[in-house]
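Enquirer: Here is the input, now give the coordinates:
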Amino acid sequence: MNRLGKYLFSTLIVVHLCSDYNPALSQTNSADDLLSMDVKEFFNMYEEVFSAAKKKQQLRDAASAVYVLNQEDIRRSGATSLPDLLRLVPGVQVARISAHNWAISVRGMNEVFGNKLLVLLDNVPIVTPLFNGVFWEALNFPLDTIERIEVVRGPGAAVWGSRAVNGVINIITKSADSPRKPTTVVGGGNEHQLSAYVADGFRTGDRSGINMHLKYDLHDNSRSTNGGPLNDKWNIVSLGMRGDFELDADDSLLVTNYSYYREEDFEGEFPLLTAPFAEERKASRQHFGSFLSGLWSHRLNQNSDFAVEWNHLIEDRQDFSLDYLLYNTDVDVRYRFKPFESHDFSLGSSFDFYADNTDGSFFLDFEPESRTLTFYRAFFHDEIAVREDLLFTIGSRFEHNEQVGFSALPTARLLWHASEKTSLWTAASYTVGTASRVNDDVRIPFMVFEEEASGLPAVLQVTGSRDSESERLTAYEIGMRTQPFESIFIDTTGFYFRYNNMTSRELGEPVGVFDDPFFPPHIVVPVTYDNNFKVDSFGAELATDWQINDLVRFGAEYALFYVFAHSDSSSDIAAEAFFEDHPRHAVSAHIHFDPITDIELDGIFRFVDALSETNIDGYAELDLRGSWKPTDEWEVSLIGRNLIEASHPEFREETFKPPLSEVERSVFLQIARTFY
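Expert: Numbering: from 1, shown residues only. From the prediction side, this is the model:
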């Protein structure tokens, strides 16, 4: 892939150095526009959100814990990847596992494939249904194509469905009705060795256009705790397109496509049926994915609109332990109207079809190899203006599929405008988790040992079960947003979560296997999925933003989190440690300084508490960014990340026991040219 990287690098430079100048192109909400806004305008823009209620509303009207990363936050973060950008959000736990793997969650339960967090790209779910999780490394689009990222902390299932148990992350890209300017960006460093992309846009009508990008990235091996390099370097090519089309005064069409191909190396400890019963393996895998989405919106009148959305995902992954090909298609219909002046009512339904084909191995297998699933969903959502300063919201989503049967996911929310600049809100929600093929059908030999009585190898095998039930969450939240002074914004939230039917893995009766033509005689000790744990968690989150003056902006975030897990009947000695393994405290502070025209200086400090159950120490780190614009067309940025320690570990992944990876100190230089 290095040869492909060099080819793409050269191609990207040549294409845009030869681009035609087009003065008709414009880009809304540029960095200069943001810096010229006064404080009131900045916070008003900050307040417009969509993800809390699946409709546009002011942040002051959202009875949810919503945090928004806008274009300036993204640009001045110094982040070169989406996971590093999400480290800025209070209550979001981001931990790097290896050079190409992250564990990301909201309010706990963090793991490599977190199944309690819904990730959206332009309101479209981005998930691998086989695992019910997200390959974060595959979301490799240029960060400057993002308009904003809305993070809803807390249950969003009443609006978005059962995957939104603990939260929703909605990545909203820039609209193409004002196409972006042609841009070429090239960067590289000691860890993120190469990043090169071109982005362009063009008009197709007065308020219609298409934005596109092509991007290539190359990452070095990470470092092991013994100081040597690990076998986990990777590279990725991504291609993206967004088209916004105004069909007439009342109709619009949004078309989105994102595709990627990546190659990565990995290593881990894999079980054997012969002594020494485990071996270290190094290998590589290839991963292709593409999704296509179309949204037609029709405005019926000033108070009502109608939308139909179609989404299609295809994913193909080649690995020595598991090959799979999967498809997921869904159609969603939504209708919003105001039957009375005080009611804003939304309802909708959707149909989802999923199919996969897997080719497993002794190390990872699914039984049956192929499966199709259908999902039927409907929802209603009513926002009631009880009086001018009091909003009451009630709603629920209803789902049915053959894995978990019928589920109702209700919520009730109350918001009070105590003053023009202060809102108080509270919410109660109930949701259930959605099952995946892993829970139902997986076979993973976790450990092999010699059984004393027979002398045969015994395989401790994690085994899916279709008898397990859905995990359930009852959540209570309370929050306040206030702007006590014109230049200061404060957002604080408290919550209590009670989980029931939490997944455990229970020991079963050993079974002898003596007639397998591919393996020697052995004993299988099944470890089957069940629901024998309860978990209580509570905490608080605080976010502040202070525009000190025209030159300096400061912000800080803090999250406090406690978890207690308990069971009266489980043999799973690892489940309690998993549920309770989280950073109790997380702090970040960022300052942005513009000393002179065309110079920007940014600093971000982060502290994350220890993961005590897996012996991962807490860490404090500092990221610095400096940017210089010698002309309107050119920008040079120098970014230093994790500058306090030479390296530090963040997460231990247990499935195939890869060596513990450390995040290293890094430097990244980036040069961007925009063709005005």
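Enquirer: does residue 377 really touch residue 347, like I thought?
Expert: No: counting by C-beta atoms under 8 Å, residue 377 stays clear of residue 347, with 11.6 Å between them. For every residue, glycine as well, the C-beta is placed using N, CA and C.
Enquirer: who's more crowded, the two?
Expert: Per other C-beta atoms under 10 Å, whichever of residue 377 and residue 347 has more neighbours is residue 377, with 20 against 15.
Enquirer: show me what contacts the residue nearest to residue 610 when sequence neighbours are not counted?
Expert: Once flanking residues are discounted, residue 610 sits nearest to residue 618: 4.1 Å by C-beta to C-beta, 6 or more residues apart in numbering. Contacts for residue 618 (C-beta atoms under 8 Å, 6 or more residues apart in numbering) come out as 583, 607-610.
Enquirer: ditto for residue 579
Expert: Residue 579 makes contact with 108-109, 502, 533, 535, 563, 565, according to C-beta under 8 Å, 6+ apart.
Enquirer: Check those residues and tell me the two furthest apart.
Expert: 108 and 533 (13.3 Å; C-beta to C-beta).
Enquirer: Can you tell me which residue is spatially central in the chain?
Expert: residue 119 (4.7 Å; C-alpha atoms, centre = their mean).
Enquirer: Now that residue: phi and psi?
Expert: Backbone torsions for residue 119, taken as degrees, to the nearest 10, come to phi -110, psi 130.
Enquirer: re the thing from before, and the contacts of residue 618, which of them are in strands?
Expert: 607-608 (DSSP state E).
Enquirer: Select from the contacts of residue 618 the one having the most neighbours.
Expert: Highest count within those by other C-beta under 10 Å belongs to residue 608, 24 neighbours.
Enquirer: Residue 582 is in contact with that one, correct?
Expert: No: using C-beta under 8 Å, residue 608 is not in contact with residue 582; the gap is 10.2 Å.
Enquirer: The stretch 251-400 of the chain: helices as residue ranges?
Expert: Assigned by DSSP state H, counting those that start in this stretch, the stretch 251-400 of the chain shows no helices.
Enquirer: Let's verify residue 455: helix, strand, or coil?
Expert: State at residue 455, reduced to three classes by DSSP: H, G, I helix; E, B strand; the rest coil: coil.
Enquirer: what's it in contact with, if anything?
Expert: If you count contacts by C-beta under 8 Å, 6+ apart, residue 455 has none.
Enquirer: What distance do you get for residue 630 to residue 182?
Expert: 19 Å (C-beta to C-beta, to the nearest Å).
Enquirer: the more surrounded of the two?
Expert: Taking other C-beta under 10 Å, residue 630 and residue 182 do not tie; residue 182 has more neighbours (21 against 9).
Enquirer: just checking, that one touches residue 675?
Expert: Yes: here residue 182 reaches residue 675: they are 4.2 Å apart, a contact under C-beta under 8 Å.
Enquirer: Determine the next helix or strand in the C-terminal direction from the helix or strand residue 426 falls within.
Expert: According to DSSP states H and E, residue 426 maps onto strand 422-432. Remark: after strand 422-432, the chain's next helix or strand is helix 437-441, criterion DSSP H and E.
Enquirer: Each with direction, which strands does whichever helix or strand comes after that following helix pair with?
Expert: Moving toward the C-terminus from helix 437-441, the next helix or strand (DSSP H and E) is strand 442-450. Strand 442-450 pairs in its sheet with strand 365-366 (antiparallel), strand 457-463 (antiparallel), by DSSP bridges.
Enquirer: Which positions in the longest strand along the chain come out as buried?
Expert: For the chain, the strand that runs over the most residues, judged by DSSP E, is strand 522-547. Buried residues in strand 522-547, counted by 16 or more other C-beta atoms under 10 Å: 522-535, 537-547.
Enquirer: before we move on, what about stretch 292-299?
Expert: Buried residues in stretch 292-299 (16+ other C-beta under 10 Å): 292-297.
Enquirer: pLDDT (mean, whole number) over it?
Expert: Here stretch 292-299 scores 96 as its mean pLDDT.
Enquirer: From here on, call the first residue 35.
Expert: Sure, I'll start numbering at 35, so the last one becomes stretch 326-333.
Enquirer: Tell me which residues are up against it.
Expert: With contacts defined as C-beta under 8 Å, 6+ apart, stretch 326-333 is touched by 156-158, 284-291, 339-346.
Enquirer: how about 7 Å then?
Expert: Applying C-beta atoms under 7 Å, 6 or more residues apart in numbering, the external contacts of stretch 326-333 come out as 158, 284-291, 339-346.
Enquirer: How far away from the center of its chain is it?
Expert: Computed by C-alpha atoms, centre = their mean, to the nearest Å, the separation of stretch 326-333 from the middle of its chain amounts to 23 Å.
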